[in-house]
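Asks: what follows is a predicted structure for the sequence shown.
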Protein chains: 2
Amino acid sequence: MKRYDNMVKNAAGRMVPLEVNGEPSIPFKGLGKYIPEGCKHAPKIYSSANYPPDGNKLVPSLKEALIKAGLKDGMVISTHHHLRNGDLTANEVFKIASGMGIKNLIWFPSASFPCHESIIKYLEDGTIGCIEGSMNGPLGKFCSEGKMKGVAVLRSHGGRYQAVQDGEVKIDIAVLAAPTSDTFGNANGLRGPAACGLLGFALADSQYADKVIIVTDNLEPFPCIPWQIQGNYVDYVVKVDSIGDPSKIVSGTTRLTKSPDRLLIAEMSARFAFEAGIIKNGFSFQSGAGGTSLAFAVFLKEIMKRNDIKARFVRGGSTQYLTAMLEEGLTDFILDGQTFDLEGVRSMRNNPLHQDTSPFTSYNYHGKGNFASMIDIVVLGATEVDVNFNANVVTHSDGYMLHGIGGWQNCLNAKCTMLPIPLFRDRIPVIKDEVTTLCGPGELIDVIVTERGIAINPIRKDLIEKMKNSKLPIKTIHELKEEAERICGKPEKPKLGDEVVAIIKWIDGTIIDIVRRVIV
Amino acid sequence: MKRYDNMVKNAAGRMVPLEVNGEPSIPFKGLGKYIPEGCKHAPKIYSSANYPPDGNKLVPSLKEALIKAGLKDGMVISTHHHLRNGDLTANEVFKIASGMGIKNLIWFPSASFPCHESIIKYLEDGTIGCIEGSMNGPLGKFCSEGKMKGVAVLRSHGGRYQAVQDGEVKIDIAVLAAPTSDTFGNANGLRGPAACGLLGFALADSQYADKVIIVTDNLEPFPCIPWQIQGNYVDYVVKVDSIGDPSKIVSGTTRLTKSPDRLLIAEMSARFAFEAGIIKNGFSFQSGAGGTSLAFAVFLKEIMKRNDIKARFVRGGSTQYLTAMLEEGLTDFILDGQTFDLEGVRSMRNNPLHQDTSPFTSYNYHGKGNFASMIDIVVLGATEVDVNFNANVVTHSDGYMLHGIGGWQNCLNAKCTMLPIPLFRDRIPVIKDEVTTLCGPGELIDVIVTERGIAINPIRKDLIEKMKNSKLPIKTIHELKEEAERICGKPEKPKLGDEVVAIIKWIDGTIIDIVRRVIV
């Protein structure tokens, strides 16, 4: 947490600092306006002369690996979140560091989950000074209340790759849990008791970190194929009993929503996409693993079958619903960033048309293009939307930061971005005059679908024209907002202090907004 | 060509310059002795804002792509050699450059072949000032005779990756022929009329070049999978009628030697490996695509079948002989750097156990280890060997530099390096007092197998001990040399000038030897 005296207004009208945790930062300048200068991060050159010729990089324990890697105060330590709420590795790293008396580390996870609640004590005892990464649940609450020493930095998956590639974040030690690895450090997520599908979120860490430690509970003889993580980037390999709790890594099966309202929203979303001419042969789509998103995919599939339409590719997070589409010939490929259920893991392991991707291929804005802008339609969630179609995905209306950004910001670059959301949650309207936290600029959000009507962004005149004879309940966003307020009343503003607990990066590394302390 | 007045003696006793083409260089310091300092090359950061959102990077012609990429005098232009003697792309690049009046380019191919003979006229007209890369045939002759303006720099496949990674060579424009590509630039070598298997030699170019152009004759709709080259590194895609002559890219079938002497050498080599205890369950080997090497693999296979031995992996260059081993269950995997025949291409396309590799994974000495040192036995050729087991692979005994290094230097790091070579060629002994050009230090070369006897390097006391009761004709290298000289006479020294036409890099980027001008 920090109180800033000299914030500036960025191109989205939000007040943001020019410095975060001692490093200069750049205010958001508008979409596509900030063009980086300079060069990518240049990791140190190492020599094979200093690595075992037989390729065996095993060390007896994670502690020993951390010591060999030179763990010391103030370092940036990264982990990935492919083991989601079943991850055992990150907690272990900081338990060891705390035991060694190390202070003021920066934890740079690709995301954190409720299973990382024990990290709070390492924030409290000074082992960790700051978290740069999405916080889901308890850590977000802790941070929101101003209890973290540093200012949190939240990035999208693509923004995290960008920050590492560009040297904004220099990882000293990457500790990468791997469901399968050989002793050279070639690793993948496809096999073993903690199989999670792929390891794409750890790609940047492996490529750019100074030292890389693989932690696995499933050693295979060299070569471990495919090498989603390449051993040529790896310093040490550690064998442990278990890297994660399988039941919390992937679901046995993913479940559709049963809520009649959400099913209605999902169905209207799919109908909209079809009527707007987006769902046609060779199209592509991306939707998440939430109940409504899954239901969207199911309704979409019905439309595709009924109209004999085949997709060229669908983006995962994959689930049994996507793998069924692939296997039934409704899409040529799944391009997948993470697998959410056992079917997703099985399909990625066995089906070459189920291709693993990474934030580099899919989302890195500081590449020579990326996949996100090539998707015909993406279906995403949001905690709040405002009358200018700006959207929030990290804070609730009470100001608490309880969610990560994930690939959400990156996905907004799709040709059509649709947010199927309920008009209110717990009697709090979701459509506001102004979002509490700006995560995605309204210019990139095309359609809001609620159970009581659909609003099209006025800048999408093409979509408005296409839908002018539709029987779907097309309304203005103001009409939707007024309808919600008629039912629930005007929502109260959250009680926030002046201090900044977190900043939100845009996909180009600029700061789009801040998160203020919640007054408890 | 250059005359140096102040060369220094390196750790191998060879006189080498401290500067090459205006850049400082480091003399060879001994095996594993040179430890690099500093950081990898940091390419410029680009932004997706400047690339087409729909991913379509097609430009109408190679000339237009080169102009957009900013082609100008003095630039470093790279190409790969996966199309071998069927490549049409490199010639086209320099034809265009010459037509534009561009001067003094540095051509940085991963290798050149007789099909590149037309490049000579661009060396003569000043379009190209220098070639940094292996030269097979006509270009090597041209260079050997001192006709090239600059000094050639020869590197191994791994050394080329190392040089690019470390920023020794900064590629301005990489022009990468791709048998299959999408308009985003995702590319592979598996399909299309010029299918060559894989594109690993172009990996460094794609990752580190400032501008990357894909040239293809087989466009597929996005996504082109697998993406051996990732479109996220690519600036422009060009569609042409043909990138290469299929009949010269891969053989229909690869052929074993029919020479009785060479068959004998191959058989003795395989017997030696077995008797020395190297051929056992879980072992690994690498042998090339030359007639003797292929015959070695065939004899080895017989031994394996007879003794019920299975390899963990075999390294390619793959051929029908290796793919048959994979399909018959004699090895778990092929780890392949290039495919030499149609069976190799087919197998790599269809069999997930036939894994493509790159000079990064296999050979890069400035990585955190690489595969080369993990191979149990490697079988290689040589133009000359000397009594200290030093070997030459680039020049003939007449001083002409007619061959590239390929992966040869890198492979010397295997646990056992064996050179099956004839005792003489065209009545010129192959074993010398001193090699004309030092490419591989004798410390790394363990066994010389000739049709008249086998010499074990005296430093390999373990091998000498294991073979002490063998019925194979184990001799000393001096005995072999004397035997050759009894038959052919003492060979004449080549007639060489003082000028340096090329330098030979070791795998760590230091200079191990020079090549002098041949006096015609």
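Replies: Here it is on my side, so go on.
Asks: local confidence estimate at the closest residue to A:Ser134 other than its chain neighbours?
Replies: Counting by C-beta to C-beta, 6 or more residues apart in numbering or on different chains, A:Ser134 lies nearest to A:Gly404, which is 2.3 Å off, once chain neighbours are set aside. Any C-beta I mention is one placed from the backbone N, CA and C, and that applies to glycine too. For A:Gly404, the pLDDT comes out at 93.
Asks: got a list of what A:Gly404 touches?
Replies: Counting by C-beta atoms under 8 Å, 6 or more residues apart in numbering or on different chains, A:Gly404 makes contact with A:111-112, A:133-136, A:154, A:394.
Asks: try A:Ala484
Replies: For A:Ala484, the contact set (C-beta under 8 Å, 6+ apart) comprises A:423-424, A:429-431, A:452.
Asks: can you list contacts of stretch A:212-219?
Replies: By C-beta under 8 Å, 6+ apart, stretch A:212-219 touches A:62, A:65-66, A:69, A:89, A:173-183, A:185, A:187, A:191-194, A:205-206, A:229, A:233-243, B:368.
Asks: which residues touch the closest residue to chain B within the stretch 101-250 of chain A?
Replies: Proximity of the stretch 101-250 of chain A to chain B (C-beta to the nearest C-beta) peaks at A:Asn232, 4.2 Å away. Applying C-beta under 8 Å, 6+ apart to A:Asn232 gives the contacts A:185, B:360-361, B:364, B:367-370.
Asks: by neighbour count, which of these wins?
Replies: In terms of neighbour count, A:Gly185 stands highest of these at 31 neighbours, by other C-beta atoms under 10 Å in any protein chain shown.
Asks: from A:Val234, how far out is that residue?
Replies: According to C-beta to C-beta, to the nearest Å, A:Gly185 stands 3 Å off from A:Val234.
Asks: any common contacting residues for these two?
Replies: Jointly contacting A:Gly185 and A:Val234 under the rule C-beta under 8 Å, 6+ apart are A:57, A:212, A:214, B:368.
Asks: who's in contact with the first one?
Replies: Same thing as A:Lys57. A:51, A:183-185, A:231, A:234-237, B:369.
Asks: what separation do you get for it and B:Ile35?
Replies: Distance of A:Lys57 to B:Ile35, given as C-beta to C-beta: 18 Å.
Asks: the residue lying closest to A:Glu124 once chain neighbours are set aside sits in which helix or strand?
Replies: Closest residue in space to A:Glu124, ignoring its immediate chain neighbours: A:Lys147 at 7.7 Å, by C-beta to C-beta, 6+ apart. Here A:Lys147 sits in a region with no helix or strand, counting by DSSP states H and E.
Asks: A:Lys147 and A:Tyr208, how far apart?
Replies: Counting by C-beta to C-beta, the gap between A:Lys147 and A:Tyr208 amounts to 30 Å.
Asks: tell me which of these two has more neighbours.
Replies: Just comparing A:Lys147 and A:Tyr208: by other C-beta under 10 Å the higher neighbour count belongs to A:Tyr208, 25 against 15.
Asks: the closest residue in space to that one that isn't next to it in sequence: how many residues sit nearby?
Replies: Leaving aside its chain neighbours, A:Tyr208 sits nearest to A:Val164 (4.9 Å; criterion: C-beta to C-beta, 6+ apart). Residue neighbour count, defined by other C-beta under 10 Å, stands at 28 for A:Val164.
Asks: so A:Val164, which of the three states?
Replies: When classified by DSSP: H, G, I helix; E, B strand; the rest coil, A:Val164 comes out as helix.
Asks: ok, it touching A:Lys40?
Replies: No: taking C-beta atoms under 8 Å as the definition, A:Val164 is not a contact partner of A:Lys40, at 9.5 Å.
Asks: which non-adjacent residue is nearest A:Gly126?
Replies: Using C-beta to C-beta, 6+ apart and skipping the chain neighbours, the partner closest in space to A:Gly126 is A:Lys103 (5.0 Å).
Asks: mean confidence for stretch A:105-117?
Replies: On average, the pLDDT along stretch A:105-117 is 96.
Asks: in it, what counts as buried?
Replies: Going by neighbour count (16 or more other C-beta atoms under 10 Å in any protein chain shown), the buried part of stretch A:105-117 is A:105-113, A:115-116.
Asks: which pair of the residues you listed spans the longest distance?
Replies: Among these, the pair separated by the greatest distance (C-beta to C-beta) is A:Ile106 and A:Cys115, at 20.0 Å.
Asks: drop anything exposed from the contacts of A:Ala484.
Replies: A:423-424, A:429-431, A:452.
Asks: from the residues you listed, which single one is nearest chain B?
Replies: A:Ile431 (27.9 Å).
Asks: who are the contact partners of that closest one?
Replies: A:384-387, A:423, A:448, A:450, A:477, A:480-481, A:484 are the contacts of A:Ile431 under C-beta under 8 Å, 6+ apart.
Asks: who's in contact with A:Phe201?
Replies: With C-beta under 8 Å, 6+ apart, A:Phe201 has these contacts: A:80-82, A:110-111, A:157, A:160, A:337-338, A:358-359.
Asks: up against chain B, what does the stretch 51-200 of chain A have?
Replies: A:51-55, A:57, A:165-166, A:184-185 (C-beta under 8 Å from any C-beta of the partner chain).
Asks: could I get the residues you listed as CSV with secondary structure and pLDDT?
Replies: Supplementary listing: these in CSV, determined by DSSP: H, G, I helix; E, B strand; the rest coil; pLDDT from 0 to 100:
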residue, secondary structure, pLDDT
A:Tyr51, coil, 98
A:Pro52, coil, 98
A:Pro53, coil, 98
A:Asp54, coil, 98
A:Gly55, coil, 98
A:Lys57, coil, 98
A:Gln165, helix, 98
A:Asp166, coil, 98
A:Phe184, coil, 98
A:Gly185, coil, 98
